[in-house]
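> For reference, the sequence and a predicted model appear below.
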Amino acid sequence: MKILQKHSYESSDGFAIVWAIVVLVLIVIAATGLPLLLKTSKSPNPNACVTRNFGGGDTGQCVIDIQNMVNSKAFGIDGQLYIKATGSYDDATVSAVKTFQKNFNLPQNGAIHSKDWAELCKSSDDSPTYTSAAKDAGC
């Protein structure tokens, strides 16, 4: 009987040690923010606006996002909109994009490419229009 009691005591003691280790690990994880490291990184949506090039003649929601972001970046200083967010990459949009590109020392071709997206996605405006457009575009 003594052997059984000793064995039972050792099992109980081992169980307590395991739980103590689990609790300590959880405390360390909570204190260090490790859950953020364990979070699976979301791969960018291959259809996101920022993964594509845009230019004259293009249409759609991505063009609206470009127009809103360019308004904010190139012209938003006085709060006026210089191009309407129509969703059509028209001559006015090409002209506005060229102004944006000139202001940020980018090639002034009037089309949106990866370097343009990188500059457009740099947050400089916390207006709801810019923030919503940047999120929609995939920034």
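The structure has been received and is ready for your questions.
> Do I have it right that V50 meets K115?
No. Using CB atoms under 8 Å, V50 makes no contact with K115, being 11.5 Å away. C-beta: built from backbone N, CA, C; applies to glycine.
> Name the residue in the two with the higher neighbour count.
V50 (19 against 13; other CB atoms under 10 Å).
> measure that one to A118 for me?
9 Å (CB to CB, to the nearest Å).
> same check, this time on S132
19 Å.
> And for C62?
According to CB to CB, C62 stands 16 Å off from A118.
> Who has more neighbours out of those two?
When neighbours are counted by other CB under 10 Å, C62 and A118 differ, and C62 comes out ahead with 23 against 13.
> Grab the nearest non-local neighbour of the more buried one.
In this structure, C62 finds its nearest non-sequential neighbour in C49, 3.7 Å apart by CB to CB, 6 or more residues apart in numbering.
> just checking, the one you found touches I64?
No. Counting by CB under 8 Å, C49 stays clear of I64, with 9.7 Å between them.
> In three-state terms, label N105 for me.
Secondary structure, DSSP: H, G, I helix; E, B strand; the rest coil: N105 is coil.
> Got the confidence number for it?
Among the per-residue scores, N105 holds a pLDDT of 93.
> got a list of what it touches?
Not one residue lies near N105 by CB atoms under 8 Å, 6 or more residues apart in numbering.
> That one and E119: what is the separation?
9 Å.
> What is the subsequent helix or strand relative to the worst-scoring helix or strand of the chain on mean pLDDT?
Lowest by mean pLDDT, DSSP states H and E among the helices and strands of the chain is helix 34-38, with a mean of 45. The element immediately downstream of helix 34-38 (helix or strand, assigned by DSSP states H and E) is helix 61-70.
> okay, stretch 110-120 in CSV with CA atoms only?
What follows is stretch 110-120 as a C-alpha-only set of coordinates in CSV (Å, rounded to 0.1, in the frame of the first residue of the first chain):
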residue,chain,number,x,y,z
GLY,A,110,0.2,59.8,-65.6
ALA,A,111,-0.2,56.0,-64.9
ILE,A,112,-0.1,54.3,-61.5
HIS,A,113,2.6,51.7,-61.0
SER,A,114,4.2,50.1,-57.9
LYS,A,115,6.3,53.2,-57.0
ASP,A,116,3.2,55.4,-57.2
TRP,A,117,1.2,52.9,-55.1
ALA,A,118,4.0,53.0,-52.5
GLU,A,119,3.7,56.7,-52.2
LEU,A,120,-0.1,56.8,-52.3
